[in-house]
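A.B. asks: sharing a model prediction with you, sequence too.
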Amino acid sequence: MKNIILVHGAFADGSGWQGVYDILTAKGYKVSVSGNPDLGIPEDVAAVQRVIDRQDGPCILVGHSWGGAVITVAGNSPKVVGLVYCSAFAPDAGESLASLFASAPADPVNGILPPDKAGFIWYDRDKFHSGFCADLPDALANFMADSQMPIAAKGFTYKYTEVAWKKKPTWYIVATEDHSIPPVLERKMGKRTGGTVSEISGSHCIFIAHPDLVAAVIEAAANGSVSK
C-alpha cells in the first residue's frame, strides 16, 4: 500500500508535514498533502475527499490535531484502508471537540482563544511557542504563530455520527508533552479506537520535531492495514 495522505490541523498548514513527506517519499511512498481550509467538517472533509479521489488505489489517512477529526469522517471512504492519528482528535459518535475538551483538565499553557467577531478561533501568539510547539526553534515557532490559519468555531461544536476508526485499522500517536490537546485525553481516545497506540516525547507538533518517529508509525500503518 503506497498511497498516503497527510492532513494538517488548525492554526497550521500542510508545510509542517515536509519532514515526514521527505522521509516517506524517499522510501517510495506516494505522499499527498491535503490543503484543507479549517472551515468545518463538511468543508474540510470535502477537501480531503478531493485528494482521495486522485489516488490510484487504496490509501492511508494521517491527521494531526484537528486533522484527526477530519479523517474520522473522511476515512469512511471505501478507498481508505487505515488511519493514523498524530496528537489528534479521534471523536466518537455523539461527541464534539468542545465536549472532549470539557472532559479533560484545563491546561494554563494552552493558547486557544475564544472566537473572534467573525466566528474564527486563533491561537494566542504569546502562548504559541510554549503551548503549541515548545520543542521547535524560536524562529520557526514565531513564523508559525504569525502565519497561523484560524479555524471556524463551528468545527468545535459539530457532533459526529459515523466514525471511521470503528471499522478501519487505526494507529494513534500520543505527544507526551502536549499543551494543546491534553495527553490524558489523547491516551483515552487512542485506547478506545482499539488500534495500536504509541507515545513520543514531545510537543503538540511532534510530526515537525520528530518526523522520523512519526514516519515510522505511518510506514507501519501502510504495511499493516487490513479491514477490521
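C.D. replies: Structure received. Remember, it's a predicted structure, so these values are computed and weren't measured experimentally.
A.B. asks: I'd say residue 2 and residue 31 touch.
C.D. replies: No. With contact defined as C-beta atoms under 8 Å, residue 2 does not reach residue 31; the gap is 9.1 Å. Every C-beta, even on glycine, is put in place using the N, C-alpha and C of the backbone.
A.B. asks: show me where this protein dips below the pLDDT cut-off.
C.D. replies: For the chain, the stretches with pLDDT under 70 are 225-228.
A.B. asks: show me where it has strands.
C.D. replies: Under the criterion DSSP state E, strands of the chain are mapped to 3-7, 30-34, 59-65, 80-88, 120-121, 151-152, 170-175, 196-200.
A.B. asks: hmm, who's touching the fifth one?
C.D. replies: When contacts are taken as C-beta atoms under 8 Å, 6 or more residues apart in numbering, the neighbours of strand 120-121 outside the stretch itself are 10, 112-115, 150-153, 156.
A.B. asks: quick one: end-to-end distance for stretch 77-91.
C.D. replies: 17 Å (C-alpha to C-alpha, to the nearest Å).
A.B. asks: most distant residue from the centre of the protein?
C.D. replies: The centre of the chain is farthest from one residue, residue 117, which by C-alpha atoms, centre = their mean lies 26.1 Å away.
A.B. asks: list the contacts of the residue most central in space within the chain.
C.D. replies: For the chain, the residue nearest the mean C-alpha position is residue 64 (1.6 Å; C-alpha atoms, centre = their mean). Residue 64 makes contacts with 6-9, 12, 16-17, 86-88, 205, 207, as judged by C-beta under 8 Å, 6+ apart.
A.B. asks: from those residues, which two are the most distant?
C.D. replies: Largest separation among these by C-beta to C-beta: 7 and 205, giving 14.5 Å.
A.B. asks: which of the two has more neighbours?
C.D. replies: Higher neighbour count among residue 7 and residue 205: residue 7, with 31 against 26, using other C-beta atoms under 10 Å.
A.B. asks: and that one, what is it in contact with?
C.D. replies: With contacts defined as C-beta under 8 Å, 6+ apart, residue 7 is in contact with 34, 36, 48, 61-64, 67, 70-71, 74.
A.B. asks: ok, 7 Å please
C.D. replies: Shown in contact with residue 7 (C-beta atoms under 7 Å, 6 or more residues apart in numbering): 34, 36, 48, 61-63, 67, 70-71.
A.B. asks: if I look at it, how far off is residue 65?
C.D. replies: 9 Å (C-beta to C-beta, to the nearest Å).
A.B. asks: and if you look at residue 49?
C.D. replies: Taking C-beta to C-beta as the measure, residue 49 falls 19 Å from residue 65.
A.B. asks: okay, those two: which has more neighbours?
C.D. replies: More crowded of residue 49 and residue 65, by other C-beta under 10 Å: residue 65, with 27 against 17.
A.B. asks: for the nearest residue to the more buried one once chain neighbours are set aside, the count of nearby residues, please.
C.D. replies: Nearest residue to residue 65, sequence neighbours excluded (C-beta to C-beta, 6 or more residues apart in numbering): residue 9, at 2.8 Å. Number of residues near residue 9 (other C-beta under 10 Å) recorded here: 29.
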